[in-house]
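# sharing a model prediction with you, sequence too.
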Amino acid sequence: MTESNNNDHLVKSDDSQHPANLIPELCKKFWTLGWVTGTGGGASIRDDDLVYLAPSGVQKELMKPEDIYVLELSKQLDPKQRIYLRSPPSLKPSQCTPLFIAAFTKRGAGCCIHTHSQWAVLVTLLLESQSNKNLFEINNIEQIKGFGKGYQKQGALGYHDTLRIPVIENTPHEEDLTESLEVAMDKYPDTYAVLVRRHGVYVWGETVHKAKTQCESLDYLFQLAVEMKKLGLPWLSDIA
Ligand SMILES: CSCCC(=O)C(=O)COP(=O)(O)O
Ligand SMILES: [Zn+2]
């Protein structure tokens with residue numbers, strides 16, 4: 001494909017906040033947190049009808065703006081025939097693409113982050129032996145205030161509110177997670193995240209800022225939950 005018909009202008013900008021610049025920059029930070037090691041995990045940003053995302057199987061912390069794919073959200077009616085406005089040569093789009101698209105179409109998200117954080121994985125493992133193994137619940141922790149109340153709702157959760165994050169089972173191929181992710185979103189319409197057992201977590205937000213801070217708050221809570229479990233402390237308490 002020549003430069004003129006591959007729409008390379010869509011990923012060239014001097015603006016540090018342009019999605020094609022921001023995704024590599026965010027992934028560099030996420031790598032230092034252990035969120036996107038060994039090519040796993042990633043992030044996608046939606047700007048109006050344009051979706052920017054990473055290639056598959058690349059070291060996400062080393063990506064450049066010219067590695068970024070761009071697609072038009074409203075034209076992706078058939079997932080088997082996904083059309084990219086801009087494709088980097090010799091690469092394939094991220095396997096997380098349909099999951100990112102679910103956050104954009106079903107929740108109007110502006111950014112979706114997928115991490116392979118060990119804290120997220122450990123929480124899903126700890127839940128395996130609990131009666132409701134498909135739901136992470138925690139309350140009475142200050143960091144819960146880092147979350148919005150939910151889809152199309154104003155304001156943030158309060159200290160005494162219970163944060164609930166559904167858990168879905170992993171599949172051999174990342175894209176096959178899409179259906180169960182969508183089912184979890186329907187069952188928990190206010191959630192901003194879905195855990196994937198023995199794999200990681202998908203977190204989204206209306207803006208890049210909200211997706212990033214919710215992902216940070218959640219990772220903090222997952223780590224705390226693992227440490228609480230080690231100390232024999234419950235994740236849910238009835239402090240009023
Ligand atoms: C070792 S990563 C396996 C695939 C995965 O879980 C993931 O998040 C990365 O997928 P991508 O296609 O973006 O490389
Ligand atoms: Zn993954």
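Structure received. Ligands and ions are numbered 1, 2, ... in the order given.
# rest of the way, CA atoms for contacts and neighbours
Noted.
# for ligand 1, what are the nearby residues on the chain?
With C-alpha under 6 Å from any ligand atom as the criterion, the chain meets ligand 1 at residues 38-42, 56-58, 94-96, 174.
# if we go to 5 Å?
Within the chain, the positions adjacent to ligand 1 are 40-41, 56-57, 94-95 by C-alpha under 5 Å from any ligand atom.
# most neighbours among those, which one?
G41 (29 neighbours; other C-alpha atoms under 10 Å).
# contacts only, for it.
Contact analysis of G41 by C-alpha atoms under 8 Å, 6 or more residues apart in numbering lists 35, 60, 113-116.
# isn't R46 up against R107?
No - the criterion here is C-alpha atoms under 8 Å, and R46 misses it with R107 at 11.8 Å.
# the two - which one has more neighbours?
Set R46 next to R107 and count neighbours by other C-alpha under 10 Å: R46 wins out with 25 against 20.
# name the SS class of that one, please.
Per DSSP: H, G, I helix; E, B strand; the rest coil, the secondary structure class of R46 is strand.
# got the residues of the chain next to ligand 1 as JSON lines, with pLDDT and secondary structure columns?
Formatted as JSON lines, these follow (pLDDT from 0 to 100; DSSP: H, G, I helix; E, B strand; the rest coil):
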{"residue": "G40", "pLDDT": "98", "secondary structure": "coil"}
{"residue": "G41", "pLDDT": "98", "secondary structure": "coil"}
{"residue": "S56", "pLDDT": "98", "secondary structure": "coil"}
{"residue": "G57", "pLDDT": "98", "secondary structure": "coil"}
{"residue": "S94", "pLDDT": "97", "secondary structure": "coil"}
{"residue": "Q95", "pLDDT": "96", "secondary structure": "coil"}
